[in-house]
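Enquirer: Fold the following for me, if possible:
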Amino acid sequence: MMCGCGRDGARPSGGANRDATERVPAEGPALSGPCKTACGCGRDGARPSGGRARRRAIEDATERVPPGPRDMMCGCGRDGARPSGGGLPGLRAALIMPSMTTTQTDRLRILVADRMSESAMARLREAGDVVLLEKADEETLALEAARSDALVVRTYTQVTERVIQAAAAGGRLRVIGRGGVGVDNIDVRAAARAGIVVVNTPAASTHAVADLTVGLIIALQRSITTCDRRIREGEFASLRGGASAPCELQYQTLGVIGMGRIGRAVGARMHLGFGTRVIYHDIREIGLLPFAAERRERAEDVYAEADVVTLHVPLTPLTRGMINATSLAGFKPGAWLVNTSRGAVVEAAALAEALRSGALAGAAIDVYDPEPPPADHPLFSAPNTILTPHIASRSRQALAAMNDVVEDVLAVLAGREPAWPVDPETA
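Expert: Numbering: from 1, shown residues only. Next up, the predicted model:
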């Protein structure tokens, strides 16, 4: 067998003060209104009631996490509880420091670099004048941030040290809200030095990313996309007899790199749902997990043992390029790689070469460096790959939860502690 394991066995709409909003065209569709499909999902990201016992067991296993310090590999709170934030550098000062350039009669100026949902935009409009940028290059962002009280961004807007220095010189910016999990597009340490709070939504996309990760593993190993294309081209019998039969998931070992929220959710789905053995590596001590998983001291130990390696780490100096020619040479022969974390974690050229040589059986990639990937991206011509356009976090519930970052932005502006402040020491 390929694996060779040998094992047996709804938000308030508010007063739409649209005249107070400086409107500029923005890219991307807006997410608004309640879900009108039959899926039964909650618009605000609440889980639907009911469901099968196995689904509940998986969700319980994902949510129940032993308490402990923040996990540097994943950047999340260990027990899922919202961090208090009181001890974060500069947070308390930022909350009590009044705006240096506004008066009681002035309205807050809230800069939105990447459009949010209509309900989120409406919540911001209730608090102040919203400026939606048409473009968010460094020069424009620095100029606008210097005269704003808050900045809200998503994935692609780069909040550099220069932008933060300009904002600090302006004396108004108090909070940067990142709708999403990763904060590699924000210089969090520079913000902390300037007394600017950074908030995000670390739990927003846990289930969405975990769902896609499991789907990619199955699609990759069962050659679903290849079979779909070739059957449309007239093949049938050759597809049934020509392809090597894959090993069932219950006889495989999953290697998780980064056992944070998403890593746990993937591990729970694979172990509780399919009976897959789970091993993992994380740079922090995780403690007990509510499903069976074996810790490995080194990432290299996971690579050598796992039939499937799945990456769930933030982009940091430690993780950038961690999957390279050297690390790939240590993978178990015929292993599979899935990356739904950040594109720069994997050196694409080295991965493409490992696929061409047959050292790896296949790879599923949802993230790239840069994005969008160029036309000559090495993985476009690599065999046995499934490529998706950074869609892991894009479920209805996850998108709604990402938009909830505006609540923490408004909390900071009102002098209250945010629910999800980003710790600059672990970002």
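Enquirer: so where's the chain uncertain?
Expert: 1-105, 242-243 (pLDDT under 70).
Enquirer: how about 90 then?
Expert: Low-confidence segments of the chain (pLDDT under 90): 1-106, 237-246, 287, 425-427.
Enquirer: Quick one: the strands in it, in order.
Expert: Remark: strands assigned in the chain by DSSP state E are 108-112, 128-132, 150-153, 175-178, 197-199, 253-257, 277-281, 294-295, 308-311, 335-339, 360-365, 385-387.
Enquirer: Contact partners for the spatially most central residue of the chain?
Expert: Closest residue to the average C-alpha location of the chain: residue 181 at 4.7 Å, with CA atoms, centre = their mean. Counting by CB atoms under 8 Å, 6 or more residues apart in numbering, residue 181 makes contact with 75, 200-202, 204-205, 314, 393. Where C-beta positions appear, they are placed from N, C-alpha and C, glycine not excepted.
Enquirer: For my notes, please list these in CSV and give distance to residue 232 and neighbour count for each entry.
Expert: Shown next, in CSV, are those (distance: CB to CB, whole Å; neighbours: other CB atoms under 10 Å):
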residue, distance to residue 232, neighbour count
75, 42, 23
200, 42, 26
201, 39, 23
202, 41, 25
204, 36, 26
205, 32, 27
314, 39, 23
393, 30, 23
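Enquirer: out of the residues you listed, who's nearest residue 400?
Expert: Nearest to residue 400 among the contacts of residue 181 is residue 204, at 8.4 Å by CB to CB.
Enquirer: Surely the closest one touches residue 395?
Expert: No. Applying CB atoms under 8 Å, one finds residue 204 not in contact with residue 395, separated by 9.7 Å.
Enquirer: pretty sure residue 307 contacts residue 335?
Expert: Yes. Applying CB under 8 Å as the test, residue 307 and residue 335 come out as touching, 5.9 Å apart.
Enquirer: So what's the gap between stretch 131-147 and the chain middle?
Expert: 24 Å (CA atoms, centre = their mean, to the nearest Å).
Enquirer: OK, contacts around residue 239?
Expert: By CB under 8 Å, 6+ apart, the contact set of residue 239 is 227, 230-231.
Enquirer: Give me the neighbour count for residue 245.
Expert: 8 (other CB atoms under 10 Å).
Enquirer: Once you drop chain neighbours, what's closest to residue 386?
Expert: Spatial nearest neighbour of residue 386, excluding adjacent residues (CB to CB, 6 or more residues apart in numbering): residue 364 at 4.3 Å.
Enquirer: ok, that neighbour touching residue 338?
Expert: Yes. Assessed by CB under 8 Å, residue 364 is found in contact with residue 338 at 4.7 Å.
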